[in-house]
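Engineer: Sequence first, then the predicted structure:
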Amino acid sequence: MANNWFPVIDYEKCVGCFACANFCPHGVFSTDGDKPEVVNPLACVEFCRGCQKICPQDAISYYGDGQK
Ligand code: SF4
Ligand code: SF4
């Protein structure tokens, strides 16, 4: 559980491929609608970057990344 680390989608870059949502085993993203939304940020695993690595658009950054 992480309330200091969760993905943030840049919708200017996101193409709605849902690779992130399909990849994440923790249900952080919604899978309905045109593009995923971060609906369960507390389920994100702190310092995991799995969805960022898999995103073909480099559209995912993290709340908490680079913050103190
Ligand atoms: S993997 Fe990237 S481009 Fe695809 S839906 Fe997720 S954020 Fe959007
Ligand atoms: S960082 Fe990891 S746990 Fe968090 S949403 Fe992405 S794949 Fe899921």
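Structural biologist: Here it is on my side, so go on. Given the structure is predicted, the values throughout are model-derived calculations rather than measurements. Ligands and ions are numbered 1, 2, ... in the order given.

Engineer: Burial check on Ile60, number of neighbours?
Structural biologist: Neighbour count of Ile60, defined by other CB atoms under 10 Å: 23. (Glycine included, C-beta is placed from N, CA and C.)

Engineer: residues in contact with it?
Structural biologist: 7-10, 20, 51-52 (CB atoms under 8 Å, 6 or more residues apart in numbering).

Engineer: Any figure for the gap between it and ligand 1?
Structural biologist: Per CB to the nearest ligand atom, to the nearest Å, Ile60 is found 5 Å from ligand 1.

Engineer: if I look at that residue, how far off is Phe6?
Structural biologist: Ile60 is 10 Å from Phe6, where distance means CB to CB, to the nearest Å.

Engineer: Ok, Tyr63 next?
Structural biologist: In terms of CB to CB, Tyr63 sits 5 Å off from Phe6.
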